[in-house]
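Asker: build me a model:
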Amino acid sequence: MSEPQPLREPVPAAAGDPDLADVRAAQAHRPAFEVLYRRYLDRVYGYAFYQLGDHHDAEDATERTFMAALRALPAFTDEGASFRAWLFRIAHNTIANARRHRSRRRTEPLRDDFERPAPNADPASLVLAADEARRVRRAIAELPEDRRQVVLLRFVDGLSSREIGQVMDRSEGAARVLLHRALRDLAGRIGH
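Answerer: The predicted structure is shown next:
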């Protein structure tokens, strides 16, 4: 008779998830979700704002994202996706719903191009920087939907290719290829 083999714990795909301890705490005690909320509030809001282009819609989408995440948190497992990718997938779906709702309302958000200059800044460089920022924002807005999203997820929200793939329901390799194409397209639009 052979010796019984020791049981080995399965290694979850998101074993390196830095949020896992806080997720477990929030699953055990709902008020502990505040730690995750504070950590990701600005990132989710920024993602929503860049996608929707309107502060009020972005605030609403952010609120809906965190409410949905809080409701779904008991079902979150660390197998497959990190908490951050899971949260941004919820944000992605919430923003898609907001866009559908907006298309039925047929309203256009007001543009907010006003940026406050730094004290003692050179006026000529401020004008050039503001012009360049407008060109980049305009070029990003003109990208096809999937390319715009991959650029925002990578450079505004700092998600990895793996996390972007999880948010956009693609493989990691497909997310990398999409990012490469988006950057090439963006460079062509900006003229650099």
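Asker: make it CA atoms for all contacts and neighbour counts henceforth
Answerer: Noted.
Asker: just give me the neighbour total for the closest residue to residue 55 other than its chain neighbours.
Answerer: In space, and not counting its chain neighbours, residue 55 is closest to residue 49: 6.1 Å by C-alpha to C-alpha, 6 or more residues apart in numbering. Other residues within reach of residue 49, judged by other C-alpha atoms under 10 Å, total 19.
Asker: thinking residue 49 is in contact with residue 43, fair?
Answerer: No - checked against C-alpha atoms under 8 Å, the pair residue 49 and residue 43 is beyond contact range at 9.8 Å.
Asker: so how far is residue 181 from the residue nearest to residue 55?
Answerer: When C-alpha to C-alpha, to the nearest Å is the yardstick, residue 49 and residue 181 sit 23 Å from each other.
Asker: what of residue 133?
Answerer: 21 Å.
Asker: ok, now residue 137?
Answerer: 17 Å.
Asker: which residues in this structure form helices?
Answerer: Using DSSP state H, the helices found in the chain span residues 20-28, 33-52, 55-72, 83-105, 123-142, 145-151, 161-168, 172-190.
Asker: ok and the longest one relative to helix 55-72, angle-wise?
Answerer: Okay, so that is helix 83-105. Relative orientation of helix 83-105 and helix 55-72, computed by axes from the mean of the first three to the mean of the last three C-alpha atoms, to 10 degrees: 130 degrees.
Asker: residues contacting helix 83-105, please?
Answerer: Helix 83-105 is contacted by residues 17, 19-20, 23, 44, 48, 51-52, 57, 61-62, 64-65, 68-69, 159, 163-164, 166-168 when judged by C-alpha atoms under 8 Å, 6 or more residues apart in numbering.
Asker: switch to 6 Å and redo it
Answerer: The set of residues external to helix 83-105 that reach it, using C-alpha atoms under 6 Å, 6 or more residues apart in numbering, is 65, 163, 167.
Asker: and the last one, how far from residue 38?
Answerer: Same thing as residue 167. For residue 167, the distance to residue 38 equals 20 Å [C-alpha to C-alpha].
Asker: how about residue 17?
Answerer: Using C-alpha to C-alpha, one obtains 17 Å as the distance from residue 17 to residue 38.
Asker: higher neighbour count, those two?
Answerer: More neighbours surround residue 17 than the other of residue 17 and residue 38, with 15 against 10 (other C-alpha under 10 Å).
Asker: spatially nearest residue to the more buried one (excluding sequence neighbours)?
Answerer: If the residues on either side of it in the chain are set aside, residue 17 comes closest to residue 82, at 5.5 Å by C-alpha to C-alpha, 6+ apart.
Asker: what's the pLDDT at the one you found?
Answerer: Looking at residue 82, its pLDDT reads 90.
Asker: that one and residue 56: what is the separation?
Answerer: For residue 82, the distance to residue 56 equals 28 Å [C-alpha to C-alpha].
Asker: okay then, goodbye and thanks.
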